[in-house]
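Novice: Requesting a structural model of the entry that follows:
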Amino acid sequence: MQDLIVQRPQGLYCPPGDFYIDPWRRVDRAVITHAHADHARTGHAHYLAATPGAGLLRARLGEGINLQTLDYGEALTHNGVRISLHPAGHVLGSAQVRVEHDGRVWVASGDYRPTPAGAVPDRTCAPFEPVRCDTFITESTFGLPIYRWRPDHELFTEVNRWWADNAAAGRASVLCCYSLGKAQRLLGGVDPSIGPIVCHGAVEPLNRAYRAAGIDLPPTLAVDEVQDKADLRRALVLCPGQALSSPWMRRFGDISDAFASGWMQIRGWRRRMGHDRGFVISDHADWPGLLSAIGATGAQRVIVTHGSVPTLVRYLQEQGLQAEGFKTEYGGEGSGDDDQEAVASAAPAA
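Specialist: Here you go, the predicted model:
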């Protein structure tokens, strides 16, 4: 019997349904897991995505895209295949794709992040929900045992202390981050009483899409909206990494710069990036998160995509699961955005 989801040059394809999931080449029908640029591309004739992410997709792909949306858990049937979308906990509107046909259930995860046990869920997107299935297609961006995230409250305590110390010394705190998802998660966790928050032009339109979707973010300013230039010297500045070497950065004078990414777990990578600080904050599953998510699906067959594919496949096989890899053109953290190409090129092979 043919698999429900197979590899094609255009991307992951469902033969009985005649649609693709996050295709990297132009197709007629595309189911999109989330709005990051390596998963949501222009040129498809029809798009299907989760309702909370509609604004982000239109902001990135254009208002004129032919977009149909589904609420989480809502289902539609196309060519006899039942399709539903379920929270992935990655960014606003991120979804796992559940596909059911002839009694078989497959789930394609897209990018995802389970909430660690005992932790508070990220308030900028719906928390990950495991979906029972026969076959689970999982990402593995941080699929190595070294990747284990600390609780958010500890991380944001560090970020706020760094910002407050810089503000007291009259230095702007420039925090480089992914403009979609990471920036908004940071906004949701920092203490806005420390000072003004300035966002780069690559970040602010996405902030607006989050707010339009009902996500409560603290007030943010464009640099030109700061009336008192002294405020720039105590501001938190959220921007893509490439902005550090741009004329835009000169307006802030003396700065302390940091980078927020799961890659900061590796000390050598922190040194290579050359930032004053590195904060280990990721919107992807860490090693325990991957294993817990896979186990919660109950799947006996697991297909691993982008990331540390051989390591995770081998581990799952040792646990008695049928595991294999799919080759895809998705990137890892920081590689799905044009304004983060420098980050992607520097990222270690994981």
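Novice: okay, CA-based contacts and neighbour counts for the rest of this
Specialist: OK.
Novice: just the strands in the stretch 151-300 of the chain please.
Specialist: Taking DSSP state E, counting those that start in this stretch to define them, one finds strands in the stretch 151-300 of the chain at 172-176, 197-199, 236-239, 255-260, 277-279.
Novice: Go through these and name the closest to residue 145.
Specialist: strand 277-279 (18.6 Å; C-alpha to C-alpha).
Novice: Can you give the strand pairings for that closest one, parallel or anti for each?
Specialist: Strand 277-279 sits in its sheet next to strand 255-260 (parallel), going by DSSP bridges.
Novice: and the angle for the strand it pairs with with strand 172-176?
Specialist: Taking axes from the mean of the first three to the mean of the last three C-alpha atoms, to 10 degrees, strand 255-260 and strand 172-176 form an angle of 30 degrees between their directions.
Novice: follow-up on the earlier one: mean pLDDT and mean neighbour count for the strands of the stretch 151-300 of the chain - can I get that in TSV?
Specialist: Compiled in TSV, the strands of the stretch 151-300 of the chain are given as follows (pLDDT from 0 to 100; neighbours: other C-alpha atoms under 10 Å):
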stretch	mean pLDDT	mean neighbour count
strand 172-176	97	27
strand 197-199	97	24
strand 236-239	98	28
strand 255-260	95	21
strand 277-279	93	21
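Novice: Let me have the ones you listed in JSON lines, adding distance to residue 163 as columns.
Specialist: Converted to JSON lines, the strands of the stretch 151-300 of the chain look like this (distance: least, C-alpha to C-alpha, whole Å):
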{"stretch": "strand 172-176", "distance to residue 163": "6"}
{"stretch": "strand 197-199", "distance to residue 163": "11"}
{"stretch": "strand 236-239", "distance to residue 163": "7"}
{"stretch": "strand 255-260", "distance to residue 163": "9"}
{"stretch": "strand 277-279", "distance to residue 163": "11"}
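Novice: out of those strands, nearest to residue 155?
Specialist: When those are compared by C-alpha to C-alpha, strand 277-279 sits nearest residue 155, at 7.3 Å.
Novice: that's a strand at residue 84, yeah?
Specialist: Yes - counting by DSSP: H, G, I helix; E, B strand; the rest coil, residue 84 falls inside a strand.
Novice: what about it, neighbour count?
Specialist: By other C-alpha atoms under 10 Å, 22 other residues sit near residue 84.
Novice: ditto for the one 10 residues further on
Specialist: Using other C-alpha under 10 Å, residue 94 has 32 other residues around it.
Novice: and what of residue 155?
Specialist: Residue 155: 17 surrounding residues under other C-alpha under 10 Å.
Novice: Any figure for the gap between it and residue 279?
Specialist: Separation of residue 155 from residue 279 (C-alpha to C-alpha, to the nearest Å): 7 Å.
Novice: and if you look at residue 208?
Specialist: Separation of residue 208 from residue 279 (C-alpha to C-alpha): 25 Å.
Novice: all helices of the stretch 251-350 of the chain, in order?
Specialist: 267-273, 287-297, 309-318, 341-346 (DSSP state H, counting those that start in this stretch).
Novice: Which of those helices has the lowest mean pLDDT?
Specialist: When the helices of the stretch 251-350 of the chain are compared by mean pLDDT, helix 341-346 comes last with a mean of 33.
Novice: And residue 327, its phi and psi?
Specialist: Residue 327 adopts backbone torsions of phi -90, psi 130, taken as degrees, to the nearest 10.
Novice: What's the local residue count around it?
Specialist: Residues lying near residue 327 (other C-alpha under 10 Å) number 15.
Novice: Over to the one 3 residues further on?
Specialist: With neighbours defined by other C-alpha under 10 Å, the count for residue 330 comes to 23.
Novice: What sits closest to it if chain neighbours are left out?
Specialist: Ranked by C-alpha to C-alpha, 6 or more residues apart in numbering and with sequence neighbours excluded, the top spatial neighbour of residue 330 is residue 38, at 5.3 Å.
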